[in-house]
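> what's the 3D shape of this:
(chains A and B)
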Amino acid sequence: MSLTLPTYPQPDARGRFGRFGGRYVPETLIPALDELETAYAAARTDPAFLNELDRLLREFVGRPSGLYLAQRLTEHAGGARIYLKREDQNYTGAHKINNCLAQALLAVRMGKKRVIAETGAGQHGVASATAAALLGLSCVVYMGAEDIRRQALNVFRMKLLGAEVREVTSGTATLKDATNEAIRDWVTNVRDTFYILGSVVGPHPYPAMVRDFQSVIGEEVKVQHQALEGRAAPDAIVACVGGGSNAIGIFAPFAYLPEEERPLLIGTEAAGEGVDSGRHAASVAGGRIGVLHGAMMYLLNDDEGQIVPPHSISAGLDYPGIGPEHCLYAQTGAAQYVPVTDAQALDALQLLTRLEGIIPALESAHAIYHAVELARTMRPEQTVVVNLSGRGDKDVAEVMRLLSLQEPAGEAPGQLLAPEVHA
Amino acid sequence: MTTLAHTRGAARLHAAFEQARTEGRAAFIPYMTAGYPTAAGFPALAQTLLAHADILEVGIPYSDPLGDGPTIQRASEQALAGGTSTRHSLALVAGLRAQTDKPIVVMTYVNPIYAVGPREFMRLAQRAGVDGLILPDLPPDQDLEIAELAAEHGLAVTFLIAPTSTPARVALVARACTGFLYAVSVTGVTGAREGAALGEVPAMLALAREHARAPIAVGFGVKDAATARQVAGVADGVVVGSAFITAAANGQDVDALAASIRAGCVR
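Residues are numbered from 1 along each chain as shown, chains lettered A, B, ... in the order given. Coordinates of the predicted model:
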């Protein structure tokens, strides 16, 4: 069966999810966004485009990714059955590749020879570089100097794939500033360059387009959960949110269901050292409505509108805003957003690794933490699906450094770990 | 948008353009970031520019200035580090207003306006004596409320067109501008650049003039008398920003540079 891209009731014709979203960008880009919107509208129903995307997702990425019953984790939590949607099984190690391949195919279709991307943790950069190599496009990736330090292995991967990695030292030298630089590049080279945006942020049509491309995650869950549990919708879905692309990909196929059929949807925001500490990246819990990178959304910004630098243990969640569709979900209650701290994520990473033999990305570990807490409160016949958005290889060196700071080597970490796990 | 009142600020800006025109010049519009190089040093630098200016453009420093190149971005970071933020910027403008009758326009990204609150921001701007706003990340069809609130407070509004703008966009943007229309000379961000030639600018301006009620100024990449002369040949106004920040940063004579560029605006 060939791929189809789902159709959703949001955004409106002007690219707004309620009051969120829009196109707050220099006028230079408006025609390019119009061109992209038109090209995407044609591509999304064109069998040639969809067949090629479908083929690449299956044969190159390795889709569908598994829906795996985490038995030992379920026993540990002692409540609902916990399933992991294994986006970590994708080639290049995260959900990012779904969107990058689709956008790169669109770039080819639009006759663009050069693609640019921004990256925080490097997963989107690696995926963009991979798609560019596969399709013969030149690729420039903007990355903050601080993230280059944290993610040296991914920087090398991108270079090996033939991409140029441009170090960004302005501002906080992280994802926010890499995104600024990518947009500036696009403003300058807009006529021959395609901007592969990595999350459900940015000006319309990016939040809608990236959501559609990531919806393959939730659509697969429907089929897989049906086969395993005899019903399409799980009782709850948990996913981490920075910009929010993996979360929207697993939420959106369920978010517009009538309330009584809709799973509990929970996005875990990076609470860093705590939402009250001022050192976090929790845009819903600790932000206010503002405009960044072309869209209105919940945003970490002070009372005079200056962007407050975010903090997270995970470079991939270290972003001061959250996609406009998530903002609408938060406002309407279609989904809930809960903060998870650095320490909790680090505990959850170790918990999953020891119980299931799966090392998750630090991003995904935020979701794992809350899923365990949530499953505890649920009944055994209920199910929780966690989007395991990426694997932890990229974070191993950073985790090693953090654990060595935290406690003497060899000692058992973490309050999440029950005593029997150590036995 | 076509219902926007002809504001006090628009009238003052139009008069400045008209005065320059009668003197055989394009209006000279130098730019400086509020609070640069320091909050204490800004007034003197702004006065130096004002002495040569027909209109002064003051930028509110912003942490994430998408439309600006590295020169203005660094100036913004320096101003912010020195404690100059949105309200303080408007206070600095109020200080200038006490010293000059020349029109002052404020360049600001939309997030500071939303954060302060659009109505409160306009009230503060009006009280500071601002005549108009330049909004680089607000295409006119994104938020009609901001332009309407600006008009209510007597402020003119400037939007931008670019070489990539389609004829329909040029018409839309040109009709929305009440103070002056800002034509971006190149695809790209602010900043002096090599080999800046007029290129597509004359055709863009010809198209814009069919729809604009307001004068048209050209900016981005104008850095000296020679580039100013090129622009003055086709536009009603010439905007110069990064060159003054670079000059100030390097300890060069900003007064002499401003005099030279103003001379370049003579037709």
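
> let me know how buried the closest residue to chain B within chain A is, in neighbour terms.
In chain A, the residue that lies nearest chain B is residue A:305 (3.2 Å; C-beta to the nearest C-beta). In this view, the C-beta of every residue, glycine as well, is placed from N, C-alpha and C. By other C-beta atoms under 10 Å in any protein chain shown, the residues close to residue A:305 number 26.

> ok, now the one 10 residues further on?
Residue neighbour count, defined by other C-beta under 10 Å, stands at 30 for residue A:315.

> and what of residue A:306?
Using other C-beta under 10 Å: residue A:306 sits among 21 other residues.

> how about the residue lying closest to it once chain neighbours are set aside, phi and psi?
Once flanking residues are discounted, residue A:306 sits nearest to residue B:63: 4.5 Å by C-beta to C-beta, 6 or more residues apart in numbering or on different chains. In terms of degrees, to the nearest 10, the main-chain angles of residue B:63 are phi -70, psi -30.

> look up how far residue A:117 lies from residue B:63.
22 Å (C-beta to C-beta, to the nearest Å).

> please apply the same query to residue A:271.
27 Å.

> if I've got this straight, the residue of chain A closest to chain B is in a helix?
No: looking at residue A:305 with DSSP: H, G, I helix; E, B strand; the rest coil, it is coil, so not inside a helix.

> tell me the pLDDT of it.
Residue A:305 carries a pLDDT value of 96.

> so it makes contact with residue B:116?
Yes: contact criterion C-beta atoms under 8 Å: residue A:305 and residue B:116 qualify, at 6.7 Å.

> residues bridging contact with the two, i.e. touching both?
residue B:86 (C-beta atoms under 8 Å, 6 or more residues apart in numbering or on different chains).

> what about residue A:149, neighbour count?
When counting by other C-beta under 10 Å, one arrives at 12 neighbours for residue A:149.

> show me what the helix or strand encompassing residue B:173 is in contact with.
Assigned by DSSP states H and E, residue B:173 falls within helix B:167-176. Contact with helix B:167-176 is made by A:27, A:30-31, B:1-2, B:4, B:139-141, B:147, B:157, B:159-161, B:165, B:181, B:204, B:207-208, B:210-214, as judged by C-beta under 8 Å, 6+ apart.

> quick one, which of those are buried?
A:27, A:30-31, B:1, B:4, B:139-141, B:147, B:157, B:159-161, B:165, B:181, B:204, B:207-208, B:211-212, B:214 (16 or more other C-beta atoms under 10 Å in any protein chain shown).

> who in chain A is up against chain B?
A:22-32, A:34, A:170-171, A:176-177, A:180, A:183-184, A:187-191, A:288-294, A:296, A:299, A:301-307 (C-beta under 8 Å from any C-beta of the partner chain).

> can you tell me which of the residues you listed are buried?
Buried, going by 16+ other C-beta under 10 Å: A:22-32, A:34, A:170-171, A:176-177, A:180, A:183-184, A:187-190, A:289-294, A:296, A:299, A:301, A:304-307, out of the residues of chain A next to chain B.

> ok, residue A:112 touching residue A:195?
No: the pair residue A:112 / residue A:195 is not scored as a contact, 9.6 Å apart, by C-beta under 8 Å.

> tally of neighbours for residue B:224?
15.

> which pLDDT value goes with it?
In this prediction residue B:224 is given a pLDDT of 95.

> so where's the chain shaky on pLDDT?
Assuming you mean chain A. A:1, A:407-423 (pLDDT under 70).

> I was after chain B.
Judged by pLDDT under 70, the stretches of chain B that qualify are B:1-5, B:195-197.

> please say which of residue A:112 and residue A:195 ends up with more neighbours.
residue A:195 (26 against 18).

> for the helix or strand that contains that one, packing partners?
According to DSSP H and E, residue A:195 maps onto strand A:193-196. Under the contact definition 3 or more C-beta pairs under 8 Å, 6 or more residues apart in numbering or on different chains; DSSP states H and E, strand A:193-196 sits against helix A:96-109, strand A:114-119, helix A:123-135, helix A:175-188.

> rerun at 10 Å
Helices and strands touching strand A:193-196, by 3 or more C-beta pairs under 10 Å, 6 or more residues apart in numbering or on different chains; DSSP states H and E, are helix A:30-43, helix A:96-109, strand A:114-119, helix A:123-135, strand A:138-144, helix A:175-188, helix A:206-214.

> and the second one, what other elements does it pack with?
Read that as helix A:96-109. helix A:30-43, helix A:47-56, strand A:114-119, helix A:123-135, strand A:193-196, helix A:206-214, helix A:216-229, helix A:245-255.

> quick one: the strands in the stretch 151-267 of chain B?
B:156-158, B:160-161, B:181-184, B:216-219, B:237-240 (DSSP state E, counting those that start in this stretch).

> ok, now which ones touch residue A:362?
A:121, A:240, A:270, A:312-317, A:342, A:345-346, A:348-349, A:390, A:392, A:394-395, A:398-399, A:402 (C-beta atoms under 10 Å, 6 or more residues apart in numbering or on different chains).

> and if we set it to 6 Å?
A:313, A:314, A:345, A:395 (C-beta atoms under 6 Å, 6 or more residues apart in numbering or on different chains).

> then the helix or strand hosting residue A:351 to PDB, C-alphas only?
If you go by DSSP H and E, residue A:351 is part of helix A:342-356. Provided in PDB are the C-alpha atoms of helix A:342-356 (Å, rounded to 0.1, in the frame of the first residue of the first chain):
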ATOM      1  CA  ASP A 342      17.800  17.000  33.700                       C
ATOM      2  CA  ALA A 343      18.300  14.700  36.700                       C
ATOM      3  CA  GLN A 344      15.000  12.800  36.100                       C
ATOM      4  CA  ALA A 345      16.000  12.300  32.400                       C
ATOM      5  CA  LEU A 346      19.400  11.000  33.300                       C
ATOM      6  CA  ASP A 347      17.800   8.500  35.800                       C
ATOM      7  CA  ALA A 348      15.300   7.400  33.100                       C
ATOM      8  CA  LEU A 349      18.100   6.900  30.600                       C
ATOM      9  CA  GLN A 350      19.900   4.500  33.000                       C
ATOM     10  CA  LEU A 351      16.600   2.800  33.900                       C
ATOM     11  CA  LEU A 352      15.700   2.000  30.400                       C
ATOM     12  CA  THR A 353      19.200   0.900  29.500                       C
ATOM     13  CA  ARG A 354      19.400  -1.500  32.400                       C
ATOM     14  CA  LEU A 355      15.900  -2.900  32.200                       C
ATOM     15  CA  GLU A 356      15.500  -3.200  28.400                       C
END
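
> chain center to it: distance?
19 Å (C-alpha atoms, centre = their mean, to the nearest Å).

> helices or strands next to it in the packing?
helix A:71-77, helix A:362-376 (3 or more C-beta pairs under 6 Å, 6 or more residues apart in numbering or on different chains; DSSP states H and E).

> one more time with 10 Å, if that's ok
Against helix A:342-356 (3+ C-beta pairs under 10 Å, 6+ apart) you get helix A:71-77, strand A:81-86, strand A:264-272, helix A:362-376, strand A:383-388, helix A:396-406, helix A:419-422.

> which one of these lies nearest to residue B:86?
Across the helices and strands packed on helix A:342-356, residue B:86 has its closest neighbour in strand A:264-272 (26.0 Å, C-beta to C-beta).

> that closest one pairs with which strands?
strand A:236-241 (parallel), strand A:336-341 (parallel) (DSSP bridges).
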